[in-house]
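Novice: Predicted model and sequence follow; I will ask about them next.
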Amino acid sequence: MTDRPNLLALWSVPRSRSTAFERAMYERGDFLVVHEPFSRVCDFGEADVAGRVCASQEEVMAALVDAAEERPVFFKDTTDFPFDRLGADPAFLRRCRHAAMVRNPRDTVRSHLVMQADATSAAMGFGHLWDIVSTVTAAGLPMHLVDGDRLADGAEAQMREYCAAMGIDFLAEALAFKREPPASWKTTERWHAGVSESNALGAAPAGKKQFPEGLEQTALAFERDQLPYYERITAALAG
């Protein structure tokens, strides 16, 4: 395709099936795939971006831009944390083609609490994602919505729509997972166990964990917190 983009950003709430989506992008082979560099800086204090160690959100942005000078880059990040430096670098925002990925709060909240019972409501990520959507759209930039709920029975349709919005070729073969999962998943592999064992985008994960009854009231409260942001995101990016 003409005018092929060289820096694609997928901003997603945690537990939205975004890592499965990332694996399909990795399967393509025509993008350098960078796994959650902003959240790694927030959580671990540093992130590796194409062999460059970054210790701040500003350094991540600079490294992503530099890497995209060498080859096309796709990066995915989850909004467990606020990425509050994005608005300070409108040039970076303009370099990217942006997409947001959500899944209904009921399922994302419960999936998150199964993995991290002491997580906060803010870590569910919808409020932080709304901040990014607001920042990107306020800059006059388009943003595509990926629906994690529809991946289970409509993975090809979701990927086709994404590729059309990003201006890249759709590669049907990338929906089947034949390559080993990226090495960058190692340090957080317990969060990606299902998709690591999966053989295709949209395939049901094996060994789904039972949700503890004792966390149900917490889940309901978190779901109430996150629902207004989910509705704002989907309304803002509808169509």
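Specialist: Cool, got the structure. Residues are numbered from 1 along each chain as shown.
Novice: shaky segments in the chain?
Specialist: For the chain, the stretches with pLDDT under 70 are 1-4, 179, 181-182, 184-200, 202-208, 239.
Novice: mind listing the helices for the protein?
Specialist: Here the chain has its helices, by DSSP state H, at 18-28, 37-44, 57-70, 90-95, 105-115, 126-138, 151-166, 193-197, 216-236.
Novice: Which elements pack onto the second one?
Specialist: Contacts of helix 37-44 with other secondary structure elements, assessed using 3 or more C-beta pairs under 8 Å, 6 or more residues apart in numbering; DSSP states H and E, are made with strand 47-49, helix 57-70, strand 73-78. C-beta coordinates here come from the backbone N, C-alpha and C atoms, glycine included.
Novice: how about those in TSV, adding mean neighbour count?
Specialist: Converted to TSV, the helices and strands packed on helix 37-44 look like this (neighbours: other C-beta atoms under 10 Å):
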stretch	mean neighbour count
strand 47-49	21
helix 57-70	18
strand 73-78	25
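Novice: okay if I get those as a markdown table plus distance to Leu32?
Specialist: Below are the helices and strands packed on helix 37-44 laid out as a markdown table (distance: least, C-beta to C-beta, whole Å):
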| stretch | distance to Leu32 |
| --- | --- |
| strand 47-49 | 9 |
| helix 57-70 | 6 |
| strand 73-78 | 5 |
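Novice: Please name whichever of the ones you listed is nearest to Ala91.
Specialist: Counting by C-beta to C-beta, Ala91 lies closest to helix 57-70 out of those; the figure is 8.3 Å.
Novice: which other helices and strands contact the closest one?
Specialist: Where contact means 3+ C-beta pairs under 8 Å, 6+ apart, helix 57-70 is packed against strand 7-12, strand 32-35, helix 37-44, strand 47-49, strand 52-54, strand 73-78, helix 90-95.
Novice: Go through the fifth one and flag the buried ones.
Specialist: Applying a neighbour-count criterion of 16 or more other C-beta atoms under 10 Å, one finds Cys54 buried in strand 52-54.
Novice: Tell me the gap between it and the middle of its chain.
Specialist: 20 Å (C-alpha atoms, centre = their mean, to the nearest Å).
Novice: Same question for the second one.
Specialist: Chain-centre distance of strand 32-35: 11 Å, with C-alpha atoms, centre = their mean.
Novice: Out of the helices and strands packed on helix 57-70, flag the one nearest Gly125.
Specialist: strand 73-78 (6.3 Å).
Novice: In contact with Phe21: list those residues for me.
Specialist: By C-beta atoms under 8 Å, 6 or more residues apart in numbering, Phe21 lies in contact with Leu10, Ser12, Lys76, Met101, Val146, Gly148, Leu151, Met159, Leu201.
Novice: Spatially, and excluding backbone neighbours, which residue is closest to the fifth one.
Specialist: Using C-beta to C-beta, 6 or more residues apart in numbering and skipping residues adjacent in sequence, the residue nearest Val146 is Met101, 4.1 Å away.
Novice: Any idea what that neighbour is bridged to?
Specialist: For Met101, the beta-bridge partners are Ser12, Val146 (DSSP bridges).
Novice: quick one on the thing from earlier: do you know which of the helices and strands packed on helix 37-44 lies nearest Phe92?
Specialist: helix 57-70 (4.4 Å).
Novice: and that closest one with helix 37-44, angle?
Specialist: Counting by axes from the mean of the first three to the mean of the last three C-alpha atoms, to 10 degrees, helix 57-70 lies at 150 degrees to helix 37-44.
Novice: contacts for helix 57-70?
Specialist: By C-beta under 8 Å, 6+ apart, helix 57-70 touches 6-7, 32, 34, 37-38, 41-42, 47, 49-50, 52, 54, 73, 75, 83-86, 88-89, 92, 95.
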